[in-house]
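A.B. asks: turn this into a structure:
(one chain, ligands or ions: 2)
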Amino acid sequence: MLESKDPSKTHISQLGEFGLIDHLTKQFSISQKTTVKGIGDDAAVIASQKNDQWVVTTDLLVEGVHFDLSYVPLKHLGYKAVIVNLSDVYAMNAEASQITVSIAVSNRFPVEALEELYAGIATAAKIYNIDVVGGDTTSSTTGLLISVTAIGHAPKERIVYRSGAKENDLLVVTGDLGAAYLGLQVLEREKEVFKVNPNSQPDLDAYTYLIERQLKPEARKDISKLLAELDVQPTAMIDISDGLSSEVLHLCKQSDVGCNLYEEKIPLDPQVISACEEFHLDSTTVALSGGEDYELLFTIATEDFPKIKANPHLTVLGHMTHKKEGIHLITRAQTKIPLVARGWNALQSED
Ligand code: ADP
Ligand code: MG
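C.D. replies: Ligands and ions are numbered 1, 2, ... in the order given. Prediction:
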């Protein structure tokens, strides 16, 4: 399907490098007041904001390492490549305003495939109200590489680092956890079934939320605004890309504190609970180690608790302690076990 040998598809060489850049980027218009010059010059120009500081973040996604095109549609990939970067901007409690997009492509991809990728990028840019202001385009001898850089800004006093959590602060998470990892498990299972029987018609109704969280994740653009409305300034913040336990460990290390995290508080969607039963996975392990949830994890002073306690988007998971108390999960059975960072590999060998 992706092969550019298909005569109905347009080979990249028919457009040439500049023709391709023009073809892919002509759809982008400027909506941010800080964008002085977008695509088309040697560099984009962005106006400085009086009291704000800039935040800049980059991610590189590599085919075969970060994504598998046999079940990830290119449009979703473009969307997700933008989202993962915006999530990092929002994790600084900042507002995202511009991105640049760089791609390396092999000639195995026809122009139509790149159009799909850029349709996803354009959709994310529109929904999140950010300008695509530049990028680079080059060839690759093997797969597809996408690198997105996101730019954002916030008043100096609103920016939140990983390092500000204090003893007794409450640990808070947005949304729910574990769904993206289970979505990947469902997609990988379907890929295996498809290999055996290409005519199989998967019934994925029971997994719609999980698959959406994997293929079309959203970044928490709403949280910085919500926190401002609630008059809460977090003391530390990070986004959940690698799983809750890994991010808690980062916050603790950089803030020089310990933490007690309560298993019973971890927010789980009902689809996560039922899929865990089906895949013989422990839902707590999935939430702790699954990753790719793109929720925000932050700490607040205890006196701010009344301001957030009724909010359906926010869940208090535990509290920060003195560093010497260590970093623990308090299980439902009230046992205290040290929290360790475990990647996906550890998870996969669980059953
Ligand atoms: P340069 O020679 O300075 O690298 P290019 O010819 O690569 O310039 O790019 C021309 C313009 O198109 C620049 O504004 C650049 O930022 C933009 N651009 C190039 N590739 C992409 C891309 N893949 N996505 C978005 N913008 C791009
Ligand atoms: Mg270039």
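A.B. asks: going by C-alpha atoms from here, please, whenever you check contacts or count neighbours.
C.D. replies: OK.
A.B. asks: any low-confidence regions in the stretch 251-351 of the chain?
C.D. replies: 343-351 (pLDDT under 70).
A.B. asks: what about the helices in it?
C.D. replies: 270-279, 283-289, 305-308, 344-348 (DSSP state H, counting those that start in this stretch).
A.B. asks: adding mean neighbour count and distance to ligand 1, write those out as TSV.
C.D. replies: TSV is the format used below for the helices of the stretch 251-351 of the chain (neighbours: other Cα atoms under 10 Å; distance: least, Cα to the nearest ligand atom, whole Å):
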stretch	mean neighbour count	distance to ligand 1
helix 270-279	16	36
helix 283-289	23	33
helix 305-308	14	40
helix 344-348	13	31
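A.B. asks: now those as CSV including distance to V111?
C.D. replies: Shown next, in CSV, are the helices of the stretch 251-351 of the chain (distance: least, Cα to Cα, whole Å):
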stretch, distance to V111
helix 270-279, 37
helix 283-289, 37
helix 305-308, 48
helix 344-348, 34
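A.B. asks: T141: which of the ones you listed is closest?
C.D. replies: Ranking those by proximity to T141 (Cα to Cα) places helix 344-348 first, at 28.6 Å.
A.B. asks: could you list the low-confidence segments of the stretch 1-150 of the chain?
C.D. replies: Using pLDDT under 70, the stretch 1-150 of the chain drops low at 1-5.
A.B. asks: what does the stretch 1-150 of the chain put close to ligand 1?
C.D. replies: 21, 25, 39-43, 101-103, 134-137 (Cα under 6 Å from any ligand atom).
A.B. asks: biggest separation within these, which pair?
C.D. replies: The widest separation within those (Cα to Cα) is 18.0 Å, between D41 and I103.
A.B. asks: picking that back up, of the residues of the stretch 1-150 of the chain next to ligand 1, select the buried ones using a ChimeraX command.
C.D. replies: With 16 or more other Cα atoms under 10 Å as the criterion, this ChimeraX line picks the buried residues out of these:
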select :21,25,39,101,103,134,135
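A.B. asks: mind listing what the nearest residue to Y294 once chain neighbours are set aside touches?
C.D. replies: If the residues on either side of it in the chain are set aside, Y294 comes closest to I240, at 5.0 Å by Cα to Cα, 6 or more residues apart in numbering. Contact analysis of I240 by Cα atoms under 8 Å, 6 or more residues apart in numbering lists E247, G291, E292, D293, Y294, E295, L296, L297.
A.B. asks: go on, R158?
C.D. replies: Residues near R158 by Cα under 8 Å, 6+ apart: N93, A94, Q233.
A.B. asks: just those residues now: which is nearest ligand 1?
C.D. replies: Checking those against ligand 1 with Cα to the nearest ligand atom, the nearest one is A94 at 23.0 Å.
A.B. asks: what about the helices in the stretch 101-250 of the chain?
C.D. replies: Counting by DSSP H, counting those that start in this stretch, the helices of the stretch 101-250 of the chain are 111-127, 179-196, 208-215, 221-229, 244-255.
A.B. asks: list the buried residues of the last one.
C.D. replies: Spelled out, that is helix 244-255. Within helix 244-255, judged by 16+ other Cα under 10 Å, the buried ones are L244, S245, S246, E247, V248, L249, H250, L251, C252, K253, S255.
A.B. asks: where's the nearest residue to the third one once chain neighbours are set aside relative to R108, distance?
C.D. replies: Spelled out, it's S246. Counting by Cα to Cα, 6+ apart, the nearest residue to S246 once its immediate chain neighbours are dropped is A341, at 4.7 Å. Using Cα to Cα, to the nearest Å, one obtains 38 Å as the distance from A341 to R108.
A.B. asks: before we move on, back to that, from the residues of the stretch 1-150 of the chain next to ligand 1, which is closest to F305?
C.D. replies: Closest to F305, out of all of those and judged by Cα to Cα, is V101, at 39.6 Å.
A.B. asks: the closest one reaches V132, doesn't it?
C.D. replies: Yes. Look at V101 against V132 with Cα atoms under 8 Å: they come within range, at 7.4 Å.
A.B. asks: quick check, the residue in the stretch 201-350 of the chain closest to ligand 1?
C.D. replies: For the stretch 201-350 of the chain, Cα to the nearest ligand atom, closest residue to ligand 1: K216, 20.5 Å.
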